[in-house]
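In: Sequence first, predicted coordinates after that:
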Amino acid sequence: MKFHVLTLFPEMIAQGLGQGILGKAAGKQLFTLNVVNIRDYTQERHGKVDDYPYGGGAGMLMQAQPVYDAYKAVAGGRKIRTIYVTPQGEPFTQKKARELSEEEELLFLCGHYEGIDERVLEEIVTDSVSIGDYVLTGGELPAMVMIDAIARLLPGVLGNDASAEEESFHCDLLEYPQYSRPEIWHGKQVPEVLLAGDHRKTAAWRLEQSISRTARRRPDLYEKYCKKQDIIKRLFSEKRNNIHMMEALASGRGEILYAADTGTSGEWDILVYDGESGICMMTAADETSGKMLAERIPADARWIVISQPFMKEILEKREFSDSGRTFPEDRKGKFRETALCGQMLYTPRETLSVRYKEVHRLSEKAFSYICLHYPEKEGGGEDYIRERIRAGALYGAFEEERLIGFAGVHRGGSLGMLYVEESRRGRGIGESLEAYVVNQMLGKGRTPYLYVDEKDIAMYRLQEKLGFYKARKNFLWLKKVLANGMTLC
């Protein structure tokens, strides 16, 4: 990734981001940082970049011309996602950091004085983002905060691929307390459970500590967590049919858009949305409930997963517009059926045997190979594949250091993307690839599940061999088709 920063204080940015983990990562070319001094582009002979605001008022305002010319020098004729750091912007969150980490380039615009001429902001800014409800002397510190949060999500920056996923705010909980040597310091002992070597007890203790810490320090997050846990418990009565919603909620990806007891034999209407994947999941008591849930589907949803046949007609008839949000006209569209699948899940907690030993997490070196052999290219095609690699969610089988197959985890949380070269099939490589990915998910406390096309008998047999169980219901995947015939990616 390449970060560009337009600023009046380039040394501040370069020095602040040139230290520690980020400094080392930049030295390894894991990302690049281009700092641009806005003063270099002023046409005023004394280097002035500000002037009094029209209409009066205290302070000075940064002028449009030097900001725009600095932007053009960086972007040329390209469109670069440009972030203006301002207290008036949307809140910066971990979700936003993940979204921005998928970009190839980002440009940060740092304001000063009383701000920047509105006309240039309207012309070049794509996102206005805030790190909090307070005012600073300039945009440099917020820009560095955001770059730090984004860069640490890039492959190889932290050195530990798992650590970026298991941290504060994961699954709506704060991180548990951690300890290092010595065992006793200032009379305080490391908790015995961490010294015993029992991984299950350690995991249970850490979860308990995360919950209690969140309840004390962030009651807002704790309330959100408890609500999700309550819905997960209600979904558990039909775990095989509801595992996709349960996993979305448990992982922190899914948000509850609606949940209510219908009063009919304990049935609930539930609508869950995974905003990162653009996937809506729902269960409705009847057609009346289904129509009500359909009205609540977000405008930026790209997929809908349903298991009740009556929902198909409801969704395919309805024109989906802005759902209360402001979107361009071409965001309107309809959902169309793309696949009928069985849902299979692995409920044992035992890890699977991986007979083929040359299986490893893939890097971006594998990008071209995967693009060649993954024709479905779910989501955003090549962009989707690149994002899955960067997320550390793709694994490959190798023969004498040559990649011969791969498998991974989709953005929505299901297993998939399994491929083995035809000449290497029949040797258990595909089975080992999937077993390896299953074990990775089990290690994170997840329940592995996947969707299998109803016609794919061979895939069903593979899942049964690995110990997967099939849900009683089949699932329809519907994809949003825009008015202009395009699909959202």
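Out: Sure thing, it's come through.

In: Where do the strands of the stretch 51-200 of the chain begin and end?
Out: 61-62, 81-91, 105-110, 127-130, 184-185, 188-189 (DSSP state E, counting those that start in this stretch).

In: List just the one of those strands that sits closest to Glu287.
Out: strand 81-91 (36.5 Å; C-beta to C-beta). The way it works is simple: take the backbone N, C-alpha and C, and place the C-beta from them, glycine included.

In: in the closest one, what's buried?
Out: The neighbour-count check on strand 81-91 (16 or more other C-beta atoms under 10 Å) flags Thr82, Ile83, Tyr84, Val85, Thr86, Gly89 as buried.

In: same thing with stretch 194-201?
Out: For stretch 194-201, by 16+ other C-beta under 10 Å, it's Leu194.

In: quick one: terminal-to-terminal distance for that stretch?
Out: 8 Å (C-alpha to C-alpha, to the nearest Å).

In: In the stretch 151-300 of the chain, where is pLDDT below threshold?
Out: 160-170 (pLDDT under 70).

In: let's go with 90 and repeat that
Out: Within the stretch 151-300 of the chain, the ranges that satisfy pLDDT under 90 run 153-172, 175, 199-200, 203, 251-253, 262-267, 275-277, 299-300.

In: again with the stretch 301-450 of the chain
Out: Ranges of the stretch 301-450 of the chain meeting pLDDT under 90: 316-334, 337-338, 349, 363-364, 375-384, 386-392, 411, 443-445.

In: those helices in it, which residues are they?
Out: 309-317, 367-373, 382-390, 429-443 (DSSP state H, counting those that start in this stretch).

In: Redo the ones you listed as TSV? Include mean neighbour count and distance to Ile231.
Out: Converted to TSV, the helices of the stretch 301-450 of the chain look like this (neighbours: other C-beta atoms under 10 Å; distance: least, C-beta to C-beta, whole Å):
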stretch	mean neighbour count	distance to Ile231
helix 309-317	16	19
helix 367-373	15	35
helix 382-390	19	27
helix 429-443	21	21
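
In: Identify whichever of those lies nearest to Glu140.
Out: That would be, of the helices of the stretch 301-450 of the chain and by C-beta to C-beta, helix 382-390, which comes in at 26.6 Å.

In: Output the contacting helices and strands for the closest one.
Out: helix 367-373 (3 or more C-beta pairs under 8 Å, 6 or more residues apart in numbering; DSSP states H and E).

In: gap between the helix it packs on and the chain center?
Out: 22 Å (C-alpha atoms, centre = their mean, to the nearest Å).

In: And the host helix or strand of Lys480, what does it pack against?
Out: Remark: Lys480 resides in strand 469-482, with elements defined by DSSP states H and E. Using 3+ C-beta pairs under 8 Å, 6+ apart as the contact test, the elements touching strand 469-482 are helix 239-250, strand 303-306, helix 309-317, strand 333-345.

In: With distance to Asp269 added, can I get the helices of the stretch 301-450 of the chain in JSON lines?
Out: Shown next, in JSON lines, are the helices of the stretch 301-450 of the chain (distance: least, C-beta to C-beta, whole Å):
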{"stretch": "helix 309-317", "distance to Asp269": "11"}
{"stretch": "helix 367-373", "distance to Asp269": "39"}
{"stretch": "helix 382-390", "distance to Asp269": "31"}
{"stretch": "helix 429-443", "distance to Asp269": "29"}
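
In: Tell me which of these lies nearest to Thr202.
Out: helix 429-443 (12.5 Å).

In: check contacts around the closest residue to Gln463 other than its chain neighbours.
Out: Using C-beta to C-beta, 6 or more residues apart in numbering and skipping the chain neighbours, the partner closest in space to Gln463 is Met344 (4.8 Å). Neighbouring residues of Met344 by C-beta atoms under 8 Å, 6 or more residues apart in numbering: Tyr449, Leu450, Tyr451, Val452, Tyr460, Gln463, Phe468, Tyr469, Lys470, Ala471.

In: go on, Tyr346?
Out: Val438, Thr447, Pro448, Tyr449, Leu466, Gly467, Phe468, Tyr469.

In: closest to Gly381 among these?
Out: Tyr449 (24.3 Å).

In: Show me how to select, in ChimeraX, the buried members of the contacts of Tyr346.
Out: Buried residues among the contacts of Tyr346 (16+ other C-beta under 10 Å), as a ChimeraX selection:
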select :438,447,448,449,466,468,469
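
In: one step back: are any of the contacts of Met344 buried, and if so which?
Out: Tyr449, Leu450, Tyr451, Val452, Tyr460, Gln463, Phe468, Tyr469, Ala471.

In: what's across from the second one in the sheet?
Out: Okay, so that is Leu450. Beta-bridge pairing for Leu450 (DSSP bridges): Met344, Leu415.

In: remind me, longest helix of this structure?
Out: helix 199-217 (DSSP state H).

In: List the buried residues in it.
Out: Thr202, Trp205, Arg206, Gln209, Ser210, Ile211, Arg213, Thr214, Ala215.

In: Nearest to Lys228 among the strands of the stretch 51-200 of the chain would be which one?
Out: Checking the strands of the stretch 51-200 of the chain against Lys228 by C-beta to C-beta gives strand 81-91 as the closest, at 20.1 Å.

In: as a whole number, average confidence for that closest one?
Out: Mean pLDDT, strand 81-91: 95.

In: so what secondary structure elements neighbour that strand?
Out: helix 94-101, strand 105-110, strand 127-130, helix 140-151.

In: Would you mind finding the most buried of those?
Out: Comparing the helices and strands packed on strand 81-91 by mean neighbour count (mean count of other C-beta atoms under 10 Å), strand 105-110 ranks first with a mean of 24.
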